[in-house]
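Chemist: Dropping the sequence and predicted coords here.
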Amino acid sequence: MNVYDTIISRRTIRRFQQKHLNLALLKKFVNAARLAPSAANLQPLEYIIVTEKQLCAQLFETLGWAAYIQPKWTPNEHERPSAYILILVKDIKNPYYQRDVSFATENIVLTAEAEGLGSCILCNINREMIQKIFKIPQTISIDSVIALGYKAEKSVIEDMGDSVKYWRDEHDVIHVPKRKLEDIIHVNKFS
Ligand SMILES: Cc1cc2nc3c(=O)[nH]c(=O)nc-3n(C[C@H](O)[C@H](O)[C@H](O)COP(=O)(O)O)c2cc1C
């Protein structure tokens, strides 16, 4: 897949096959993050790769899934992520750290997509619990968690109508509304 095709095909995936992900592959994702653009090249980010079964189970309890899906939904026992990458920030005084996080995150999820994996970025997380589980020093900020694994669900885009809310249909396919190109693009002037 070229970069554009990878971008187009990536969707958030929240149900995963129960297949092991090897550490070398996960390190490849962090390497992609490491090489992302960084404001003033300050590189304030660090990462924890989580593969160990018990730690994955503990981390899972700290995560909030698919807030638009009602009634409240979480992946069941047999569809949980195989591994996670935690994104940590060494210096939140860096005024551009959130942009660095975004670039690093996109590099991870696109590299995962190109490797045939699904991913879900999670910011609805219990940072206090995560800090305790992984013994993260108070000086380090926990930005987000990226859940990873082989895909066990399908997600498709829809032209956006009057709601941004994604939904799951009767075949368990996720539908994600996206604003239409002609609604967001301006050529030469804002019109
Ligand atoms: C910054 C950020 C935070 C997110 N946090 C969560 C989250 O906590 N839980 C979740 O299930 N999805 C989360 N998502 C995934 C979004 O719901 C998803 O990207 C959005 O619905 C668009 O779908 P798509 O990624 O398939 O294009 C997050 C995405 C971003 C960019």
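Modeler: Thanks, I have it.
Chemist: count of neighbours near the nearest residue to Asn124 once chain neighbours are set aside?
Modeler: Distances taken as Cβ to Cβ, 6 or more residues apart in numbering place Gly64 nearest to Asn124, at 3.3 Å, with adjacent residues excluded. No exception for glycine: its C-beta is placed from N, CA and C like everyone else's. Other residues lying near Gly64 total 12 when counted by other Cβ atoms under 10 Å.
Chemist: next one: Val109
Modeler: Val109, neighbours per other Cβ under 10 Å, totals 26.
Chemist: show me what contacts it?
Modeler: Arg10, Ser119, Ile121, Ile146 (Cβ atoms under 8 Å, 6 or more residues apart in numbering).
Chemist: how about these in TSV, adding neighbour count?
Modeler: Shown next, in TSV, are the contacts of Val109 (neighbours: other Cβ atoms under 10 Å):
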residue	neighbour count
Arg10	18
Ser119	27
Ile121	16
Ile146	22
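Chemist: Which ones, among these, also lie beside the ligand?
Modeler: Ile121 (Cβ under 6 Å from any ligand atom).
Chemist: With respect to Lys53, which of the contacts of Val109 is nearest?
Modeler: For these, the closest approach to Lys53 (Cβ to Cβ) belongs to Ile146, at 18.2 Å.
Chemist: For that closest one, list the residues it contacts.
Modeler: With Cβ under 8 Å, 6+ apart, Ile146 has these contacts: Tyr84, Ile85, Leu86, Ile87, Thr105, Ile108, Val109, Ser119, Cys120, Ile121, Leu122.
Chemist: Leaving aside the residues adjacent along the chain, what's closest to the last one?
Modeler: Yep, that's Leu122 we're talking about. Closest to Leu122 by Cβ to Cβ, 6+ apart is Val145, at 4.5 Å.
Chemist: Got phi/psi on the one you found?
Modeler: phi -130, psi 140 (degrees, to the nearest 10).
Chemist: What about Phe60, how many residues nearby?
Modeler: Count around Phe60 with other Cβ under 10 Å applied: 18.
Chemist: Quick check: phi and psi at it.
Modeler: phi -50, psi -40.
Chemist: swap in Val50?
Modeler: Residue torsions, per degrees, to the nearest 10, at Val50 are phi -120, psi 120.
Chemist: Gly149 now?
Modeler: phi 170, psi 170.
Chemist: ok, now the one 4 residues further on?
Modeler: When read as degrees, to the nearest 10, the backbone of Glu153 gives phi -150, psi 160.
Chemist: Quick check: it touching His175?
Modeler: No: in this structure, Glu153 is not within contact of His175 by Cβ atoms under 8 Å, at 11.8 Å.
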